[in-house]
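# this one's sequence-less:
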């Protein structure tokens, strides 16, 4: 499961980067479409939760090893 979450986290980082680039280009147009600015929020939220899990993982392993 940990490997799967790490892999998803990497792909989410790529998706987030692409959506930020697309948003930057779209908002730099003469007549920008404002809803495009919300595109990076979904990958960012998923990155937050997967990153939080990966951050807590060593602490949980240390706690289990202490038992």
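Done, it's in. Note that the structure is a prediction, hence the values are computed from the model and not measured. Numbering: from 1, shown residues only.

# CA only for contacts and neighbour counts going forward, please
Noted.

# what about residue 23, how many residues close to it?
Counted by other CA atoms under 10 Å, the residues lying close to residue 23 total 20.

# same check on residue 41?
13.

# look up the pLDDT of the residue nearest the centre of the chain for me, please.
Nearest to the mean C-alpha position of the chain, by CA atoms, centre = their mean, lies residue 47 at 2.3 Å. At residue 47, the pLDDT value in this model is 97.

# next, the buried residues of the helix or strand hosting it.
Following DSSP states H and E, the helix or strand that holds residue 47 is helix 41-66. For helix 41-66, a neighbour-count test (16 or more other CA atoms under 10 Å) marks 43-44, 46-47, 50-51 as buried.

# can you check stretch 31-44 too?
Neighbour-count burial for stretch 31-44 [16+ other CA under 10 Å]: 36-37, 40, 43-44.

# that stretch: how far from the chain's middle?
Stretch 31-44 sits 15 Å away from the centroid of its parent chain (CA atoms, centre = their mean, to the nearest Å).

# contacts for stretch 9-25?
Contact with stretch 9-25 is made by 36-37, 39-40, 43-44, 46-47, 50-51, as judged by CA atoms under 8 Å, 6 or more residues apart in numbering.

# quick one: residue 33 from residue 23, how far?
According to CA to CA, to the nearest Å, residue 33 stands 9 Å off from residue 23.

# how about residue 8?
Distance from residue 8 to residue 23, by CA to CA: 22 Å.

# just residue 39 next, same as before
7 Å.

# list the contacts of the residue nearest to the centre of the chain.
9, 12-13.

# do that again at 10 Å, thanks
Shown in contact with residue 47 (CA atoms under 10 Å, 6 or more residues apart in numbering): 8-13, 15-16, 41, 53.

# got a markdown table for the residues you listed, with pLDDT, distance to residue 63 and secondary structure too?
Formatted as a markdown table, the contacts of residue 47 follow (pLDDT from 0 to 100; distance: CA to CA, whole Å; DSSP: H, G, I helix; E, B strand; the rest coil):
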| residue | pLDDT | distance to residue 63 | secondary structure |
| --- | --- | --- | --- |
| 8 | 94 | 25 | helix |
| 9 | 96 | 24 | helix |
| 10 | 96 | 26 | helix |
| 11 | 97 | 29 | helix |
| 12 | 96 | 29 | helix |
| 13 | 97 | 29 | helix |
| 15 | 96 | 33 | helix |
| 16 | 97 | 32 | helix |
| 41 | 96 | 33 | helix |
| 53 | 95 | 15 | helix |
